[in-house]
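> below are the sequence and a predicted model for it; my questions follow.
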Amino acid sequence: IEPPVDEVQWDFTKEQEETQRMFNSWKTEESKAETRRQIRRFDVNLDEKRKRLEIEPDETYIPIRAIDQAIGNIKPSQIAFLESSKRLVIFSDVLDPSNPCEDLEMAFSAGMRYNKWNVAWHKAFDSTDLHGASFLDIRFDDSKPLHCAVEHVSREFLVFPDGTKDIQQCERVARVYEYTAHELEGFVQTYGFNQAEVQRLVDVKSEKRNELIKIARVYKKVKGVVWVYWTTERTGSQDFLKQPVKLQLGLYDLTMDPMMVEQLTAQGQEIPQRDVEFYPIVMLPFEIIEDELITNIKGCAAKEITTQEALTELWTNMVNASKKSSRVYASVENSPNGDISEALQAKPLPRNGIYQRALKFWNFPPPDPSILQIAQSLSTVKLQEQGQVNFAAMNRKDSRKTAEEISSATQAQQLAMSADVATVSIAVREVYTICWNIAQSQIFIGAINDFPIARDKVMRLYKLSAAGDVDVIQRNELKQLIQNMLP
């Protein structure tokens, strides 16, 4: 007979083996994430290149950071989708769609726009555009106005099994954190971490206490209910950093008798929370494609690397050839025996001097101007791929651009932008639906008593959608319509 879910028997050795296996298989993804960051930065040390004889002493190297530029082209529309609207989401009353909800939308949006609320989203957009996908973690946080917070998880810090298509289908996932030894020692008293296990971690860094130590918060589903425990990537641990407990998000059964809630609160008793059956983690993919494997979704690093290499080589060759063709070179004229004075052998020519031989002055041929046209054409193609169709049309150097062509390009860009923010719309809806459920539960038990909307209205059943779908895209369409009407 299996024990009830509340009496789950945890085998630390088995759990640690499973998490270690997951961490070990994830190291390849960690390496890939760091590689993508490096090729985006594209840092170049000219002195080192000259020492390695990759370029001549008089040559230079022109790094074209096409990956970073592509991210810079895409991210503004994502940010505008989230921030340009006066509300984050639109509420629709499931039982009475005609019920106006503008006041509820504004109140909820104000509560979720706490100090630095958009930092997590900016990081998520940047990570998605670079790597292909990023993740947002919704946490219960009673220091926030609506007792919930949205946190960004770095790409390599959300660990899941190979071949994952949907985070919610995994038996376990882990979020990695980095703390100093001093912080971990404080967690023993603050959060009830295992002192012996913390001490083992700290002892390893006894001489380097400022170095960061990785630990993991592991989510695991047991009979459909999410549990959470803390552990470490290091081998040699003998117990959990913190024992497994049911995940608590501050969610409550809204069908409970309000009188019972008041009675339990008055008696100082804890109101039982609702079991959480989902991981509070939302993925923000770069695009929706037929291949469902999360790790197969490509971002700008994978899509633009060849363009970055090609443009860098084209511009580097163009500049170096231009520099060489702009210089003056000389060779000895009428030297039958081929002997040249040492004073004239590949050395700068002295001014106002007298030379032993007649000199013939010449230049290297200048670079072919078609190189610039090739580079421009390649840039134009990439702008079109990134949805910057109107800039691509204006940037094209061929015939005159007609008003109809510019208008068509702008309309094409609007359609491309709508497709680009489709994934943002889905993520916004999923994130703030979880946040609303938390806020609604906290209002229900009286933990939030300053929400400006009547309790009866708050407790109704709502369907949420991203406000940017209506506010931002329709506003852009209206602006374009007005511009087309202007002479």
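Now that the structure is in, tell me what you want to look at. Predicted model, so just to flag it, every value in this text is computed and none were measured. Residues are numbered from 1 along each chain as shown.

> look up the closest residue to residue 129, ignoring the ones flanking it.
residue 71 (4.4 Å; Cβ to Cβ, 6 or more residues apart in numbering). From N, CA and C alone the C-beta is placed, and that goes for glycine too.

> so the one you found is in which element?
For residue 71, the element it lies in under DSSP states H and E is helix 66-83.

> immediately after that helix, which helix or strand?
Scanning forward in sequence from helix 66-83 by DSSP H and E, the next helix or strand is strand 89-93.

> now do that next one, average pLDDT.
Average pLDDT, strand 89-93: 94.

> ranges for the strands of this structure?
89-93, 133-140, 148-153, 158-159, 172-179, 213-222, 225-232, 242-246, 281-285, 329-333, 358-362, 462-466 (DSSP state E).

> okay, which residue is most central for this structure?
Nearest to the mean C-alpha position of the chain, by Cα atoms, centre = their mean, lies residue 127 at 1.7 Å.

> the nearest residue to it once chain neighbours are set aside: how many residues sit nearby?
With Cβ to Cβ, 6+ apart as the criterion, residue 127 has its nearest non-adjacent residue at 3.6 Å, and that residue is residue 134. Neighbour count of residue 134, defined by other Cβ atoms under 10 Å: 27.

> check contacts around residue 134.
Contact analysis of residue 134 by Cβ atoms under 8 Å, 6 or more residues apart in numbering lists 123, 124, 125, 127, 128, 152, 153, 155, 283, 284.

> what bridges to it?
Listed beta-bridge partners, residue 134: residue 284 (assigned using DSSP bridges).

> how close does it sit to residue 201?
Using Cβ to Cβ, to the nearest Å, residue 134 is found at 28 Å from residue 201.

> and for residue 20?
15 Å.

> between those two, point out the one with more neighbours.
residue 201 (21 against 16).

> confidence-wise, which helix or strand of the chain is lowest on average?
Across the helices and strands of the chain, mean pLDDT, DSSP states H and E gives its lowest value to helix 389-395, namely a mean of 46.

> and the helix ranked longest in the chain, which residues are buried?
Secondary structure of the chain per DSSP state H: the longest helix is helix 12-41. Across helix 12-41, burial judged by 16 or more other Cβ atoms under 10 Å covers 15-16, 18-20, 22-23, 26, 29, 32-33, 36-37, 39-40.

> what's the closest of those to residue 322?
Minimum distance to residue 322 across the buried residues of helix 12-41 is 26.6 Å, recorded for residue 39 (Cβ to Cβ).

> confidence score at the closest one?
96.

> I'd say it and residue 67 touch.
Yes. Counting by Cβ atoms under 8 Å, residue 39 sits close enough to residue 67 to count as a contact (6.3 Å).

> where does this structure have low pLDDT?
Applying pLDDT under 70 to the chain picks out residues 1-6, 334-350, 381-420, 470-487.

> let's see that with 50 instead.
Filtered on pLDDT under 50, the chain yields the residue ranges 1-5, 343, 389-396, 399, 406, 409, 412-417.

> contact partners for the residue nearest to residue 129?
Counted by Cβ under 8 Å, 6+ apart, residue 71 has contacts 40, 126, 129, 130, 300.

> then residue 54?
So residue 54 contacts residue 61 (Cβ under 8 Å, 6+ apart).

> quick one: it from residue 63, how far?
Taking Cβ to Cβ, one finds residue 54 at 13 Å from residue 63.

> what's the answer for residue 202, then?
For residue 202 relative to residue 63 (Cβ to Cβ), the value is 42 Å.

> could you give the angle of the longest helix of the chain to strand 213-222?
120 degrees (axes from the mean of the first three to the mean of the last three Cα atoms, to 10 degrees).

> on that earlier part again, can you add distance to residue 231 and give the contacts of residue 71 back as JSON lines?
Below are these laid out as JSON lines (distance: Cβ to Cβ, whole Å):
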{"residue": "40", "distance to residue 231": "32"}
{"residue": "126", "distance to residue 231": "29"}
{"residue": "129", "distance to residue 231": "32"}
{"residue": "130", "distance to residue 231": "29"}
{"residue": "300", "distance to residue 231": "34"}
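
> neighbour-wise, give me the winner out of those.
Among the contacts of residue 71, residue 300 has more neighbours than the rest - 28 neighbours, counting by other Cβ under 10 Å.

> which non-adjacent residue is nearest that residue?
residue 70 (4.4 Å).

> now the helices for the stretch 201-350 of the chain?
All helices of the stretch 201-350 of the chain, identified by DSSP state H, counting those that start in this stretch, fall at 258-266, 300-326.

> now do the shortest one: which elements does it pack against?
When contacts are defined as 3 or more Cβ pairs under 8 Å, 6 or more residues apart in numbering; DSSP states H and E, helix 258-266 sits against none of the other helices and strands.

> neighbours of residue 184, how many?
Neighbour number of residue 184 under other Cβ under 10 Å is 20.

> repeat that for the one 10 residues further on.
A count of nearby residues for residue 194, using other Cβ under 10 Å, gives 18.

> ramachandran coordinates for it?
With angles defined as degrees, to the nearest 10, residue 194 sits at phi -70, psi 120.

> then residue 328?
In terms of degrees, to the nearest 10, the main-chain angles of residue 328 are phi -100, psi 130.

> for residue 462, give its distance to residue 450.
Residue 462 is 20 Å from residue 450, by Cβ to Cβ.

> neighbour count winner among those two?
More neighbours surround residue 462 than the other of residue 462 and residue 450, with 23 against 7 (other Cβ under 10 Å).

> give the burial count for the residue nearest to that one when sequence neighbours are not counted, as a bare number.
Once flanking residues are discounted, residue 462 sits nearest to residue 91: 4.7 Å by Cβ to Cβ, 6+ apart. Per other Cβ under 10 Å, the neighbour tally for residue 91 reads 22.

> can you check residue 154 too?
Count around residue 154 with other Cβ under 10 Å applied: 15.

> these two touch, right, it and residue 128?
No. Using Cβ under 8 Å, residue 154 makes no contact with residue 128, being 11.9 Å away.

> for residue 196, list the residues it contacts.
238, 239.

> look up how far residue 238 lies from it.
8 Å.

> before we move on, what about residue 438?
Relative to residue 238, and taking Cβ to Cβ, residue 438 is found at 35 Å.

> neighbour count winner among these two?
A side-by-side neighbour count of residue 438 and residue 238, using other Cβ under 10 Å, places residue 438 first with 24 against 11.

> tell me the most buried of the helices of the stretch 201-350 of the chain?
helix 300-326 (a mean of 17; mean count of other Cβ atoms under 10 Å).

> helix 12-41 and that one, what's the angle between them?
Using the same axes, to 10 degrees: helix 300-326 against helix 12-41 is 30 degrees.

> compute the inter-axis angle for helix 300-326 and helix 66-83.
Here the directions of helix 300-326 and helix 66-83 differ by 130 degrees (the same axes, to 10 degrees).

> tell me which strands and helices helix 300-326 is in contact with?
helix 12-41, helix 66-83, helix 119-131, helix 370-385.
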